[in-house]
Structure formats: structure tokens, C-alpha cells
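Chemist: the sequence and its predicted three-dimensional model are supplied below.
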Number of protein chains: 2
Amino acid sequence: MTSDARPEQLTDRLGYLLKHAHLRYTETSARALAPLGTDGRELAVLAVLAAGAPLSQQEAAGRLGVDRTTMVALVDALEAKSLAERVRSPADRRKNTVRLTDRGRQLLDRAEEVRLRTEREFLAALPAPDAAALRAALRVLATGADDRDS
Amino acid sequence: MTSDARPEQLTDRLGYLLKHAHLRYTETSARALAPLGTDGRELAVLAVLAAGAPLSQQEAAGRLGVDRTTMVALVDALEAKSLAERVRSPADRRKNTVRLTDRGRQLLDRAEEVRLRTEREFLAALPAPDAAALRAALRVLATGADDRDS
DNA sequence: AGCCGATCGTCAGCGCTGCTGACTATCGCC
DNA sequence: GGCGATAGTCAGCAGCGCTGACGATCGGCT
């Protein structure tokens, strides 16, 4: 481990690997979703909103792990494209319930298909079991806990 | 795969997993390296510079996968901390050969130890074989090719 | 020798993210 | 009725990566 001569291969560094794997996936995903006029970020928001009971902006932000101030811009964008709409919550009028429009739901369905295909292609470089193992390992690292899927 | 009721678990999304795994590692790494006055980014630069023959800024940038304009700021920072110095290349006076100072080398050695320990701890949530498999899989995805380590 | 296109480092400027801090409207509680 | 806490919004800042421009220098051509 002395600093000279030994290349200290960049691809041994976890930080480098995670950064570039993420980067490559983001690019791939963006390219695949561009024709639908959206991206992975928005799609994730749509997916969260579509799942289960209607959420307030802050609840949605929490699930996605983004800041509530960031969520404002995200919802702005969705609303501008008529994919979602803010509805003042009658129960608590401080909250904006964000609801998908029909267009939002349609886009979500189509885009999710694209996403699934994109993920498969992205992982195609790996043997199937390795890909599954990767997912499981990332889940542990990303969440800090072993929360196996439902 | 219809959009309602089914939670479409966020942790099934490759993008989410890669992003948050990366994020968590970056934070962990930053915390660990802060006492040394550096971070994973700088450390990677130092490591690249220390490996083998002296590099020009652009060569170093290429290896790290960053832009040459970004490299300017990176080298600025290293120079400000007396960890590296620019030396006009005598062979091609357009190029800045970037060389580690003794201080740079010392910091690199200490920081690399910290990095290795940090990676081990970060991966401690996974059984050892899984951690190795993760690394291998990420290497494939990050580089787009199966370049097994040296 | 002189010229010209290409290359390296630098800088200014833009866009995207993510944050902090402040403000308004509203809530829940005393 | 009053008061602290909370949701959404907005302005502003910092980090990062990029583009586009510039001066200095190189290398090849004539």
C-alpha cells in the first residue's frame, strides 16, 4: 500500500465504482426516457405518487429522499406537463395533496416499461444471478438495513 | 406492472439504489477523511498522480473521468495545500506535469489507510463473498467492460 | 523560415442539485 | 384567543460538470 509504483487501480475504489456505475446508468436511463419527455427522477416521483394513498409533497419527498424544497420544483414540472396536480388537503389545509392526472398515469405505465427494459439491458453484461445479487447488496448498502423486498 | 396499488418499491429501482448507495458511501468517506483535511475526490487525484510516471493535468483528468476544466480546480486545491505542484513540462511546454510533494505523499499514505478501513466498514453489512461479488459487478457496470483487476 | 491547424491549461459563464433561512398560511393545543 | 410547530414557497448560496472562448505552444507543411 505504499504510494509509489503500485497503480492503486482506480477500479478498486468503491467510490469510483459507485459513482461511475451510477453515472452510466443515469445516462442510459435518460437516453431511454427522453422520447417520452421525462427522466428517471420524474418517473420515480410519479411512481411514488401512484403507490397507495395520496401523499403530501413532504411525504413524497421523504420517500424519495429529496429535500422538500426540491420537491416544489419537481411538482412544478409535473404540473406544467399536466402529469400531476396539487390539491389542497381538506383535512389539513397546509398540505398539498399531489395527485396524478390520467395523463400522468398513462405516462407512468409506459415509462415504467421502458425503465424495466432499460434496467435489464444495463444489467445484461452480468450473469443473471450476479445481477440479482448486486441488487440485493445495493439494497443493503443504500438503505443501511437489510430490508428484503415485500 | 400497472401503476396503482402496487407499491413499485423504490428499492427495486436500480437508479435509486445506485444513487443512494453512492450517496451513503460518499458521506461515510467524507466523514472519515475530514480529520485529514481531504476527501475522496482529492484522494483519488493524489492516488492517480502517485501511480507510475508523472502525468499532465489532462492525462490525470482522463484517468479519473473528469473534465480537464474541473482538473484545474482540483490541482489548484492540491497546490494550495502544498500537496502537489505544477511543473511546466520541458518536453512540451503546453503541459503542466503535476507532481506530488512529500507532504502529498505522506497524506496519500495515511489517507489510503483510512479509505481502506472505511470501505471495509461500509461493506461490513455484507458477507465477504457478497462484497467481493459487488465489487466485481460494479466494475463491469462502471467501465462497460469486464476488466478484471490486475 | 513562416504559417496554420491542433492541443493544453485557464477562465467566465451556464445549468442542474441540494441545501439554508426566511416568510406566509395553517394547524393543534393550552 | 394566543402560541409554538408544521407545510409549502421562494431567494440565495455552494458544488459539480459542462461549453465556449482565449493565449501559449506544438507539429507538420510548404
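Modeler: Received the coordinates, thanks.
Chemist: separation between the residue nearest the centre of chain A and residue A:92?
Modeler: Centroid-nearest residue in chain A, with Cα atoms, centre = their mean: residue A:44, separated by 4.4 Å. Going from residue A:44 to residue A:92 by Cβ to Cβ, to the nearest Å gives 25 Å. Every C-beta, even on glycine, is put in place using the N, C-alpha and C of the backbone.
Chemist: show me the contacts for the residue nearest to the centre of chain A.
Modeler: Taking Cβ atoms under 8 Å, 6 or more residues apart in numbering or on different chains, we find residue A:44 in contact with A:64, B:10, B:13, B:15, B:16.
Chemist: next one: phi and psi at residue A:65?
Modeler: phi 70, psi 30 (degrees, to the nearest 10).
Chemist: now do the contacts for it.
Modeler: residue B:20.
Chemist: coming back round to it: wait, does the helix or strand hosting the residue nearest to the centre of chain A contact DNA strand C?
Modeler: Residue A:44 belongs to helix A:40-50 when elements are defined using DSSP states H and E. Yes: using Cβ under 7 Å from any atom of the strand, helix A:40-50 reaches DNA strand C at residue A:41.
Chemist: chain center to that helix, what's the gap?
Modeler: The chain centroid and the centroid of helix A:40-50 are separated by 7 Å under Cα atoms, centre = their mean, to the nearest Å.
Chemist: the next helix or strand after that helix near DNA strand D at all?
Modeler: Later in the chain than helix A:40-50, the nearest helix or strand by DSSP H and E is strand A:55-56. Yes: under the criterion of Cβ under 7 Å from any atom of the strand, DNA strand D is reached by strand A:55-56 at residue A:56.
Chemist: hang on, the earlier thing: so which of the contacts of residue A:44 comes closest to DNA strand D?
Modeler: The nearest member of the contacts of residue A:44 to DNA strand D, counting by Cβ to the nearest atom of the strand, is residue A:64 at 12.4 Å.
Chemist: verify the stated contact: the closest one with residue B:10.
Modeler: Yes: counting by Cβ atoms under 8 Å, residue A:64 does reach residue B:10; the two are 7.2 Å apart.
Chemist: need the overlap of contacts for these two.
Modeler: A:44, A:48.
Chemist: quick one: the helices in chain A?
Modeler: In chain A, the helices defined using DSSP state H lie at A:14-33, A:40-50, A:57-64, A:68-80, A:102-123, A:128-143.
Chemist: neighbours of the residue in chain A that DNA strand D sits nearest to, how many?
Modeler: Nearest residue of chain A to DNA strand D: residue A:58, at 2.8 Å (Cβ to the nearest atom of the strand). For residue A:58, the neighbour count with other Cβ atoms under 10 Å in any protein chain shown is 14.
Chemist: one more: the one 5 residues further on?
Modeler: Using other Cβ under 10 Å, residue A:63 has 17 other residues around it.
Chemist: what sits closest to it if chain neighbours are left out?
Modeler: Once flanking residues are discounted, residue A:63 sits nearest to residue A:48: 5.1 Å by Cβ to Cβ, 6 or more residues apart in numbering or on different chains.
Chemist: report pLDDT for that neighbour.
Modeler: pLDDT, residue A:48: 93.
Chemist: and residue A:150, by the same measure?
Modeler: Predicted confidence (pLDDT) for residue A:150: 36.
Chemist: before we move on, back to that, how close does the residue of chain A closest to DNA strand D sit to residue A:77?
Modeler: 17 Å.
Chemist: before we move on, what about residue A:110?
Modeler: 18 Å.
Chemist: settle this for me: residue A:75 is touching residue A:99, isn't it.
Modeler: No: using Cβ under 8 Å, residue A:75 is not in contact with residue A:99, being 10.7 Å away.
Chemist: more neighbours: those two, which one.
Modeler: Ranked by neighbour count (other Cβ under 10 Å), residue A:75 and residue A:99 place residue A:75 first, with 21 against 14.
Chemist: ok, that one - contacts?
Modeler: A:45, A:57, A:84, A:86, A:96, A:98.
Chemist: need those residues in a markdown table (columns: pLDDT).
Modeler: Shown next, in a markdown table, are those (pLDDT from 0 to 100):
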| residue | pLDDT |
| --- | --- |
| A:45 | 94 |
| A:57 | 93 |
| A:84 | 95 |
| A:86 | 95 |
| A:96 | 93 |
| A:98 | 94 |
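Chemist: could I get the helices of chain A as CSV with distance to residue B:32?
Modeler: Formatted as CSV, these follow (distance: least, Cβ to Cβ, whole Å):
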stretch, distance to residue B:32
helix A:14-33, 11
helix A:40-50, 29
helix A:57-64, 27
helix A:68-80, 27
helix A:102-123, 30
helix A:128-143, 16
